[in-house]
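Q: I would like to see how this sequence folds:
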Amino acid sequence: MTKVKPYKDSTLGKKEQVTQMFDTISRDYDGLNRVISFGIDIKWRKKVVEMVKKTAPSTILDIATGTGDLAINLAETQASKIIGLDISSGMLEIGKEKVKNKNLESKIDMVLGDSENMPFEDNTFDAITVAFGVRNFENLENGLKEIYRVLKPTGTFVILETSIPTKTPYKQGYNFYSKHILPLIGKIFSKDRSAYKYLSESASVFPYGEALNNILRKIGFINVEDFPQTFGVATIYKSSK
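A: Purely as a prediction, here's the structure:
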């Protein structure tokens, strides 16, 4: 597998570089997401919420919660407690503002923490979600093992992540857009020009479809399914413990 170039020339590890990147782009992140995905990411998140809602969870952990979009949407599940975890304090500050504006402070806690070393006991959560975050794990398998650890037996785990279309002409269109248009949008609208280049490159080499399904099974997850979205530019993965 091709290695993704570092976000910046630095002696920092991937985790520190990703944290720095998201801190820097936190104020631009929501607006740029809407532009880059043409707003379709909202629809994808709603599908994640529908999947989780069917399991009637009491406790939910949203990993790599960023500015809290998915955590806020998950309030529709009627869970009594939702925790949004992220390694970027900059992203969390935006998320906390949004949670407060939605009057959801009693239901949603925004927590600073490392998804590969979480401050939670074993078998804590009924459901765990990650939207556009697993590809930023420093070590994918370690991160998934940690998720498995804190998920309750029979609990639900749902990932929403970018993927690459496999059919013509969608594959060619996606490749052109991700290599040329996405970095250009980031360059024009974000103060950090290299951030969206990194996001594009990391998406292009991340395992998707059956490759990610097999990694989930290797960790111990069962009932693994994947659901490609919008011609395959994103995929929802559902599994359980």
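
Q: switch to C-alpha atoms for all contacts and neighbour counts from now on
A: Will do.

Q: longest strand of this protein?
A: strand 151-162 (DSSP state E).

Q: helices and strands around the longest helix along the chain, which ones?
A: As assigned by DSSP state H, the longest helix anywhere in the chain is helix 14-36. Applying 3 or more Cα pairs under 8 Å, 6 or more residues apart in numbering; DSSP states H and E, one finds that helix 14-36 contacts helix 40-53, helix 89-101, helix 182-189.

Q: what's the most buried one of those?
A: Highest mean neighbour count among the helices and strands packed on helix 14-36 (mean count of other Cα atoms under 10 Å): helix 89-101, with a mean of 19.

Q: with only the CA atoms kept, save the helix or strand following that one in CSV.
A: Tracing the chain C-terminally past helix 89-101 and defining elements by DSSP states H and E, one meets strand 108-112 next. Included here for strand 108-112 are C-alpha records, laid out as CSV according to Å, rounded to 0.1, in the frame of the first residue of the first chain:
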residue,chain,number,x,y,z
ILE,A,108,-23.7,15.5,24.9
ASP,A,109,-20.2,15.7,26.5
MET,A,110,-17.3,16.7,24.3
VAL,A,111,-14.1,15.1,25.6
LEU,A,112,-10.5,15.6,24.6
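
Q: what does strand 108-112 contact?
A: Contacting residues not belonging to strand 108-112 are listed as 71-72, 75, 81-89, 92, 95-96, 99 [Cα atoms under 8 Å, 6 or more residues apart in numbering].

Q: can we see that at 6 Å?
A: Residues from elsewhere that reach strand 108-112 (Cα atoms under 6 Å, 6 or more residues apart in numbering): 82-87.

Q: one step back: just so I know, which of the helices and strands packed on helix 14-36 lies nearest E141?
A: helix 40-53 (22.0 Å; Cα to Cα).

Q: so what touches that closest one?
A: So helix 40-53 is contacted by 74, 77 (Cα under 6 Å, 6+ apart).

Q: now that helix: mean pLDDT?
A: The pLDDT scores in helix 40-53 average 97.

Q: where does this protein dip in pLDDT?
A: 1-12, 189-196 (pLDDT under 70).

Q: before we move on, the earlier item: taking their axis directions, the longest helix of the chain and helix 40-53 sit at what angle?
A: Angle, helix 14-36 to helix 40-53, by axes from the mean of the first three to the mean of the last three Cα atoms, to 10 degrees: 110 degrees.

Q: which neighbouring elements make contact with the longest strand of the chain?
A: strand 125-131, strand 234-240 (3 or more Cα pairs under 6 Å, 6 or more residues apart in numbering; DSSP states H and E).

Q: alpha carbons only: can I get the very next helix or strand once past that strand in CSV?
A: The helix or strand immediately downstream of strand 151-162 is helix 170-176, counting by DSSP H and E. Provided in CSV are the C-alpha atoms of helix 170-176 (Å, rounded to 0.1, in the frame of the first residue of the first chain):
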residue,chain,number,x,y,z
TYR,A,170,-17.4,7.4,-11.4
LYS,A,171,-13.9,6.1,-10.6
GLN,A,172,-12.3,8.4,-13.1
GLY,A,173,-14.4,11.4,-12.0
TYR,A,174,-13.6,10.7,-8.3
ASN,A,175,-9.9,10.5,-9.0
PHE,A,176,-9.8,13.8,-10.9
